[in-house]
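[1] Pasted the sequence and its predicted model underneath.
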Amino acid sequence: MPACSGFTAGLTKLCVCWSPGRSKPAAIKFLSFISLLKGLRTMQVIYAKSARWFSFLVFTALLFSFAASLVPDAAMSQEALDIAEAVGAAEAAQDASSDGGFWSLLFEKGGAVTWIIALLSAVGLPIAAVKIFQFMRMQIWRPREIEAAMLRYRTGDVRGLAGELEDIAHPAAPLIAYAIAEANRSGATGEAGELLREETSRRAQYLLRHLGGNIWVLELIAASAPLFGLLGTVLGMIVAFQGVGQGAGGADTALLASGIWEALLTTAFGLAVALPFSILAAVFNNAVDSTRDLLEDALTEIMVRSASVAKARG
């Protein structure tokens, strides 16, 4: 099938570009990611409930493949250690940066804490990608069509309005259409009105829970990644001061400085991971809150107006 072949081609291209031992420009690696995402979108894998775990496993495997490709071999690591002992921490950092890049230095010096933060990032990336595509497909950031429909409702032009609302992609549109149709049928008064309020409230809560699903994971990553980075820094500082304390010649400023900047790498990595997830979680929560406010205003207006019309007729 064309969709499957597009996904397979994108996955093959990405694995080739990011496999250990291969050096590709950053632009080519980025384009390989885009190719894979296009294949996923064509197959509608991201939108399928059972395929979310597949997307998570793919991104996790690719992240670890990328990390493995950046870690230098044993000879290179020994050479970097020899340079550090000979010329000091500053020249060692410059040499490591020129040979393997910042990421190879980070994973070499950061230890287990760096891999934990990388794992958190691997968990959050597919969740954020799925959430972005979900909200874009639902057009949750474009409520203008619903606002235009409610403007028609205020003017009394309700003929065919429920059917038009059902064709709008915004997640609040079907519930508003249901409320308008039921309110026009029952009048939203008495026992029928109370049942309608309970049913619309139940459906609204279910919709909002669906929209807010997995956002807590992004918030947890944004909160825990800096703490793991700080933990790595504290552990690195302990090792650095322990080495200085055990030195025969007293405190060595160069050795202490080397230990400190190596320890600070994990804090920088934790903050770098936490910042985008914190921003994304805030954007997603704002979209859910906006949908909640839109539903509350629309449903309240429908109930009040329908009850007023029913009383006027009765």
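    Good, I have the coordinates.
[2] now the strands for the stretch 101-250 of the chain?
    Per DSSP state E, counting those that start in this stretch, the stretch 101-250 of the chain carries no strands over any range.
[3] Where do the helices of it begin and end?
    Assigned by DSSP state H, counting those that start in this stretch, the helices in the stretch 101-250 of the chain fall at 112-138, 144-154, 161-166, 173-186, 190-211, 215-246.
[4] Can I get the ones you listed in CSV including distance to residue 301, mean pLDDT and mean neighbour count?
    Any C-beta I mention is one placed from the backbone N, CA and C, and that applies to glycine too. Conversion of the helices of the stretch 101-250 of the chain to CSV gives the following (distance: least, Cβ to Cβ, whole Å; pLDDT from 0 to 100; neighbours: other Cβ atoms under 10 Å):
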stretch, distance to residue 301, mean pLDDT, mean neighbour count
helix 112-138, 22, 92, 19
helix 144-154, 7, 88, 15
helix 161-166, 13, 83, 17
helix 173-186, 10, 87, 20
helix 190-211, 12, 89, 15
helix 215-246, 28, 86, 17
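[5] mind checking which of those helices is nearest residue 287?
    Among the helices of the stretch 101-250 of the chain, the nearest to residue 287 by Cβ to Cβ is helix 112-138 (5.9 Å).
[6] The closest one versus helix 190-211: what angle between them?
    With axes from the mean of the first three to the mean of the last three Cα atoms, to 10 degrees as the criterion, the two stretches helix 112-138 and helix 190-211 enclose an angle of 140 degrees.
[7] Tell me which other helices or strands helix 112-138 touches.
    For helix 112-138, the helices and strands in contact under the criterion 3 or more Cβ pairs under 8 Å, 6 or more residues apart in numbering; DSSP states H and E are helix 52-70, helix 89-110, helix 215-246, helix 253-313.
[8] Let's see that with 10 Å instead.
    Contact here means 3 or more Cβ pairs under 10 Å, 6 or more residues apart in numbering; DSSP states H and E; on that basis helix 112-138 packs against helix 26-43, helix 52-70, helix 89-110, helix 190-211, helix 215-246, helix 253-313.
[9] From the contact counts, what lies against the fifth one?
    Contacts of helix 215-246 with other secondary structure elements, assessed using 3+ Cβ pairs under 10 Å, 6+ apart, are made with helix 89-110, helix 112-138, helix 253-313.
[10] Mind putting those helices into JSON lines with distance to residue 177?
    Compiled in JSON lines, the helices and strands packed on helix 215-246 are given as follows (distance: least, Cβ to Cβ, whole Å):
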{"stretch": "helix 89-110", "distance to residue 177": "50"}
{"stretch": "helix 112-138", "distance to residue 177": "15"}
{"stretch": "helix 253-313", "distance to residue 177": "10"}
